[in-house]
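Novice: please find the sequence and the predicted model below.
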Amino acid sequence: MDGVPQDVPLVRSTVATKEAALAREIMDSSYGASLRLSGRLEGQEMRLARTDIDRFTIDDLVLPGTLRFACDPLSRPLVTVTGRGHLGIDCRGHSNHPRPTTPL
């Protein structure tokens, strides 16, 4: 990656599933909180491609179907941009449903 010093560790990983229960486990584990995922994957694949660079993480997350999250407070900031479809997030009594391409 351009601009990343050679001594900074760069770790890439990808995980995918069509099973809703496993998708929930992956999301909870990845974000370190109970996200209480609800909805359906509709037989399509959920895919999480992650790049860790030192203390910074970039996720490319594909969530097919209709999904909703109600989450516990996260241990670090999270910025989400939905490429297409709809994402609903409820956290600490606040609800947000951004339009595609709108950062949250």
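Specialist: Nice, thanks for sending it over.

Novice: rest of the way, CA atoms for contacts and neighbours
Specialist: Noted.

Novice: hey, what's the most centrally placed residue in the chain bridged with?
Specialist: Per CA atoms, centre = their mean, the C-alpha nearest to the average position across the chain is that of residue 61, at 5.3 Å. Residue 61 has these beta-bridge partners by DSSP bridges: residue 48.

Novice: what about it, distance to residue 30?
Specialist: The gap separating residue 61 from residue 30 is 11 Å, by CA to CA, to the nearest Å.

Novice: who touches both of these two?
Specialist: Counting by CA atoms under 8 Å, 6 or more residues apart in numbering, no residue touches both residue 61 and residue 30.

Novice: re the thing from before, OK, contacts around the residue nearest to the centre of the chain?
Specialist: 46, 47, 48, 49.

Novice: from those, pick the one nearest residue 69.
Specialist: Residue 69 lies nearest to residue 46 out of the contacts of residue 61, by CA to CA, at 14.4 Å.

Novice: what's the burial count for that closest one?
Specialist: Using other CA atoms under 10 Å, residue 46 has 20 neighbouring residues.

Novice: so what's it up against?
Specialist: By CA under 8 Å, 6+ apart, residue 46 lies in contact with 16, 17, 18, 23, 61, 62, 63, 64.

Novice: one more time with 6 Å, if that's ok
Specialist: 16, 17, 62, 63 (CA atoms under 6 Å, 6 or more residues apart in numbering).
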